[in-house]
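Trainee: task: produce atomic coordinates for the following.
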Amino acid sequence: MYEGRAPRVPTGLKRVGREVWRNVWSAGNGAYSPETDRNIILRYCELHDRRAALLAAVSNDGLMTVGSTGQPAVHPALRYVESTEKELRAIETVIGFTPEARMRLGIVAAEARRVAAGPEDF
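Mentor: A predicted model of the protein is given here:
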């Protein structure tokens, strides 16, 4: 378990990404290591920045736009919002940000502690 301070927020992150960075490290409560987990958490924050920018574009332009033949069409950025959210969900599962993932990771951690402790400790 990592006991140090959270790493400094990377300079390339925008407002949403910076907020997510701080929240992830705080919520992890020492569970994440800057050496091994920094890149996946950075990627997670970058994806949040991307999602925020895409949603801002949709909010600015409206949900509907004019298609190539003049027909109403759903804003093309929504396709990228969906794929970004899919990537976010995958990372959330890996880093334990869903109830099921936390339970699975907790069970794994408890099992690892039990094996490390040995039967004589119980």
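Trainee: how distant is stretch 93-106 from the center of its chain?
Mentor: Put simply, stretch 93-106 sits 12 Å off its chain's centre (Cα atoms, centre = their mean, to the nearest Å).
Trainee: which other residues reach it?
Mentor: 24, 28, 31, 32, 37, 40, 41, 44, 91, 92 (Cβ atoms under 8 Å, 6 or more residues apart in numbering). From N, CA and C alone the C-beta is placed, and that goes for glycine too.
Trainee: try stretch 39-59
Mentor: In contact with stretch 39-59 (Cβ under 8 Å, 6+ apart) are residues 10, 12-18, 20-21, 24-25, 32, 75, 77-78, 80-81, 84-85, 87-88, 91-92, 94-95.
Trainee: flag every buried residue along that stretch.
Mentor: Neighbour counts over stretch 39-59 (16 or more other Cβ atoms under 10 Å) mark 41-42, 44-54, 58 as buried.
Trainee: quick check: mean pLDDT of the longest helix seen in the chain?
Mentor: Secondary structure of the chain per DSSP state H: the longest helix is helix 34-61. If you average the pLDDT over helix 34-61, you get 96.
Trainee: equivalent analysis for stretch 67-83, please.
Mentor: 95.
Trainee: from the contacts of stretch 39-59, which land in helices?
Mentor: Among the contacts of stretch 39-59, the members falling in helices (DSSP H) are 15-18, 20-21, 24-25, 77-78, 80-81, 84-85, 87-88, 91-92, 94.
Trainee: measure the one residue sitting closest to the centre of the chain to residue 98 for me?
Mentor: Closest to where the C-alpha atoms of the chain average out (Cα atoms, centre = their mean) is residue 44, at 3.8 Å. Per Cβ to Cβ, to the nearest Å, residue 44 is found 13 Å from residue 98.
Trainee: same check, this time on residue 34
Mentor: From residue 34 over to residue 98 the distance is 23 Å, taken as Cβ to Cβ.
Trainee: before we move on, what about residue 14?
Mentor: In this view, residue 14 and residue 98 are 25 Å apart by Cβ to Cβ.
Trainee: who's in contact with residue 17?
Mentor: Contacts for residue 17 (Cβ under 8 Å, 6+ apart) come out as 45, 46, 48, 49.
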